[in-house]
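S.K.: Quick one: sequence plus predicted model below, questions after.
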Amino acid sequence: MNNFIAYNPTKLHFGSGVVNDLGINASQLGKHALLVYGGGSVLRNGSYSDTLKQLEEQGIGVTEISGIKPNPAVDDVKEAVKTGQEAGVDMVVAVGGASVIDSAKIIAICIPDDCDAWKVMTGKHEPSGALPIIAVLTLAATGTEMNAIAVLQNHETREKIGFKNDLLYPAHSFLDPTYTLSVPSNYTAFGTVDLIAHSLEAWFGEGDASLSDRFVVSIIREALEYGPALMNDTGNYDLRARIMWAATNALNNLTIYGRSSGDWGVHALGHVLSFLYDTPHGATLSILYPAWMKVMKMRAKNRIEQLGLELFGKSDVDETIKEFKAYFSLLGSPVKCADAGIDASHRNEILELMNKNHAEGIHHKLSDPEREELLTYVF
């Protein structure tokens with residue numbers, strides 16, 4: 001078990017109506033908020049109006065940035081930074097899913113530092129500080145509400161990458177499962193896949209950490225039990241709450257303590273599909289994780305066997321892979337590229353960008369031939 005530092009400064013407010021405490025907490029952080037959100041869903045589910053009301057009741061000035069897209073682009077972040085600087089904001093409030101919150105995190109660094117967002121993402125600028133961040137989550141998936149990670153894509157460099165820094169932890173995150181009741185079935189499925197994939201990235205990381213392993217198994221068991229039930233009853237508050245809390249814990253450091261690292265290879269591969277075809281993040285993971293396990297059959301044999309025994313009562317590697325594919329299919333998430341509308345004519349284009357971007361894990365590296373092998377399993 002490796003040495004580690006346990007640290008998570010985010011104060012997380014969970015449950016129905018918790019946004020009613022947002023205003024008083026925001027008033028302790030600043031006087032002028034940059035309110036960042038995406039499109040119509042936050043207007044329909046009440047999260048935008050509830051948040052705006054809280055800020056206005058405390059006399060907090062508000063400058064709005066809307067239109068943040070899924071698979072968020074660095075150019076939109078740059079525009080938001082400019083707007084925030086001109087308005088003189090002193091905090092960033094994000095209402096939405098991971099795309100909005102991740103964008104807000106980088107915005108919060110770039111406004112006071114007056115720096116280029118992509119230089120931050122690529123490690124060419126070392127942040128000196130950040131504005132306080134408040135997150136109001138409307139989609140259970142990535143865990144960004146309680147971690148120090150942001151992901152952005154750059155159409156000019158043809159990359160989608162992540163950045164991690166302790167400055168990115170939200171000061172407060174508000175998780176009301178009520179806001180997720182109207183999430184469509186497909187994105188409900190993608191979010192559930194995402195929390196499983198985050199748990200798997202920890203499982204296949206480097207290091208021996210038995211308690212972290214047990215956390216991983218427990219989180220995935222929550223998804224295995226409650227995910228299908230939720231797909232059959234998407235308006236069920238209790239099921240929404242269980243999946244939302246599982247998604248937070250899948251990537252709030254709980255599963256990584258004692259390891260040298262997670263792996264993150266499947267995420268790197270999936271980012272290529274998201275970049276090229278705007279494929280939803282969770283959909284890329286359900287397509288690629290079983291294929292990645294096939295490529296890793298010998299290298300990660302013991303870990304796949306142990307995982308299968310814990311989750312499915314089966315230690316056979318092939319059976320474990322079949323169980324994951326069957327579960328993803330049960331949710332309605334794609335397990336082949338064709339299921340996501342990506343036909344075989346795109347195979348070379350995908351392989352070329354995967355190789356160009358050296359899409360691989362931190363622990364389990366991939367060669368060009370292995371990436372080519374992987375694609376034979378998804379077409």
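M.R.: Perfect, thanks for sending it.
S.K.: Which of the helices or strands spans G282?
M.R.: Secondary structure assignment for G282, by DSSP states H and E: helix 281-295.
S.K.: what do you get for F328?
M.R.: Assigned by DSSP H and E, F328 falls in helix 317-331.
S.K.: Which stretches in the chain count as strands?
M.R.: 11-14, 32-37, 61-65, 91-96, 133-137, 149-154, 159-164, 172-175 (DSSP state E).
S.K.: Only alpha carbons, please: show the third one as CSV.
M.R.: Spelled out, that is strand 61-65. The C-alpha trace of strand 61-65 is given here as CSV (Å, rounded to 0.1, in the frame of the first residue of the first chain):
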residue,chain,number,x,y,z
GLY,A,61,-24.5,40.4,-8.6
VAL,A,62,-24.9,38.0,-11.5
THR,A,63,-23.4,37.8,-15.0
GLU,A,64,-24.6,34.9,-17.1
ILE,A,65,-22.8,32.6,-19.5
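S.K.: Pull up the pairing partners for it, direction included.
M.R.: Note on strand 61-65: by DSSP bridges, its sheet partners are strand 32-37 (parallel).
S.K.: and the angle from the partner strand to strand 133-137?
M.R.: Strand 32-37 and strand 133-137 are oriented at 30 degrees to each other (axes from the mean of the first three to the mean of the last three CA atoms, to 10 degrees).
S.K.: So which residues make contact with strand 32-37?
M.R.: 26, 48, 51-52, 55, 60-66, 68, 80, 83-84, 87-96, 100, 103-104, 107, 111, 131, 134 (CB atoms under 8 Å, 6 or more residues apart in numbering). Every C-beta, even on glycine, is put in place using the N, C-alpha and C of the backbone.
S.K.: sorry, back to before: how about the helix holding F328: buried residues?
M.R.: 317, 320-321, 323-325, 327-328, 331 (16 or more other CB atoms under 10 Å).
S.K.: list the helices and strands that helix packs on?
M.R.: helix 185-203, helix 210-232, helix 281-295, helix 301-312 (3 or more CB pairs under 8 Å, 6 or more residues apart in numbering; DSSP states H and E).
S.K.: distance between it and the chain's centre?
M.R.: 22 Å (CA atoms, centre = their mean, to the nearest Å).
S.K.: Stretch 282-297 too?
M.R.: 17 Å.
S.K.: any idea of the mean pLDDT in it?
M.R.: In this model, stretch 282-297 carries a mean pLDDT of 98.
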